[in-house]
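Sharing a model prediction with you, sequence too.
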Amino acid sequence: MEIIISNSSGRPIYEQITAQIKNLILSGELSEGQALPSMRQLARDLRISVITTKRAYEDLEREGFLTNVPGKGCFVSAKDPGLLREETLRRIEAALQRAVDLAVSGGVSLQELTETLTLLYEGD
């Protein structure tokens, strides 16, 4: 599992870790039941505080992506279809918001944007 931390990013380190682990789970690179590095090991590997990795793991557990087994470690949770759908919708909304912002700043009408989205979705 490779996590890349950017000090120049505007996002806190724990959020960067959380987002990257979510991506690995959603993409299937981390599979159900797979063990994650211990909080201490990940902190050592990334040269950050254990408190930071603990916060990232706790957030992922709270969101249903990880399961913590006391004395054994953190594991990727079984995929909940509702959770996966909700996360996918959240990502789509963020991408569409960027597209809308770009369209507005470039003078593209809602109708043109809708037509473009329809063409892309249908694959024409």
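On my side now, so go ahead. Numbering: from 1, shown residues only.

Could you use CA atoms for every contact and neighbour count after this?
Noted.

State the helix or strand in which the spatially most central residue of the chain lies.
Geometric centre of the chain, nearest residue: Ala19, 3.3 Å, by C-alpha atoms, centre = their mean. Using DSSP states H and E, Ala19 sits in helix 13-26.

For that helix, which outside residues touch it?
With C-alpha atoms under 8 Å, 6 or more residues apart in numbering as the contact definition, helix 13-26 has outside contacts at 3-7, 30-31, 52-53, 55-57, 59-60, 65, 76, 84.

Now do it, average pLDDT.
Averaging pLDDT along helix 13-26 yields 93.

and it, how far out from the chain's middle?
Chain-centre distance of helix 13-26: 5 Å, with C-alpha atoms, centre = their mean, to the nearest Å.

Next secondary structure after it?
That would be, after helix 13-26 and using DSSP H and E, helix 39-46.
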